[in-house]
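Student: coords please:
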Amino acid sequence: AHEGVLQKVIDAAADLTARVLVTLGRVEPESVRPAANTVMVPSAPHNAVMQQASIVVTHGGHGTVMRALCHHRPLLVIPHGWDQDENAVRVVERGAGLRLTADSSVAEIREALSRLLNEAAFTESARRLGTAITEEAQDIHTVAELELLASSSVASAKGH
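Tutor: From the prediction side, this is the model:
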């Protein structure tokens, strides 16, 4: 099933003026056909790749969605289970991307990719949401550091 969706995404992006990087994960390379503008790799460091990406196509796992947003990249989410559907809903509700289903056609995927590449509102929404996520993560680290300092102070005071 994953191979079929992946092939449709590759085919949809084949005619776009874009370079496409496909991380295969558990998909066997022989099961998909790359287009001329496609490079396929077993895996890649998400943070490094997303610094150069314009958009991210994903099944909607939490890690990839969060990394894409923290890099201010709009998403095309094509979920196949677990929490992916809920993540897709949140991305769409915030205007940071689009959601399609696994049975979407190549034409529908191509249209979604074109919109994400050409409509600046998606990138702007991804930037806004990613900035909010980053700021919240910094607040969480600050709270954790303060709690650690407070517990150290309490432990020191008890020792005297």
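Student: Relative to Ile133, how far out is Arg19?
Tutor: From Arg19 across to Ile133, the span is 27 Å (C-beta to C-beta, to the nearest Å). C-betas here are computed from N, CA, C, even on glycine.
Student: typed the wrong thing, it's Met40
Tutor: Taking C-beta to C-beta, one finds Met40 at 29 Å from Ile133.
Student: same question, Val77
Tutor: 16 Å.
Student: Among the two, which residue is more densely surrounded?
Tutor: Val77 (27 against 14; other C-beta atoms under 10 Å).
Student: Next up, phi/psi of that one, please.
Tutor: phi -110, psi 130 (degrees, to the nearest 10).
Student: list the contacts for it?
Tutor: 58-60, 65, 84, 87-88, 91-92, 97-100 (C-beta atoms under 8 Å, 6 or more residues apart in numbering).
Student: do that again at 6 Å, thanks
Tutor: 58, 60, 88, 91, 99 (C-beta atoms under 6 Å, 6 or more residues apart in numbering).
Student: Closest one of those to His72?
Tutor: Within the contacts of Val77, the smallest distance to His72 is 13.0 Å, found for Val91 (C-beta to C-beta).
Student: what about the closest one, which helix or strand?
Tutor: Using DSSP states H and E, Val91 sits within helix 84-93.
Student: Rounded mean pLDDT for that helix, please.
Tutor: Mean pLDDT, helix 84-93: 94.
Student: swap in stretch 67-74?
Tutor: On average, stretch 67-74 scores 96.
Student: just stretch 137-145 next, same as before
Tutor: On average, stretch 137-145 scores 67.
Student: likewise stretch 113-128?
Tutor: For stretch 113-128, the mean confidence score works out to 97.
Student: can you list contacts of it?
Tutor: Residues contacting stretch 113-128 (C-beta under 6 Å, 6+ apart): 12-13, 54-55, 69, 72-74, 76, 94-96.
Student: And it, end to end?
Tutor: End-to-end span of stretch 113-128 (C-alpha to C-alpha, to the nearest Å): 20 Å.
Student: Can you give me the buried ones in that stretch?
Tutor: Within stretch 113-128, the residues that count as buried by 16 or more other C-beta atoms under 10 Å are 113, 115-117, 122-123, 125-127.
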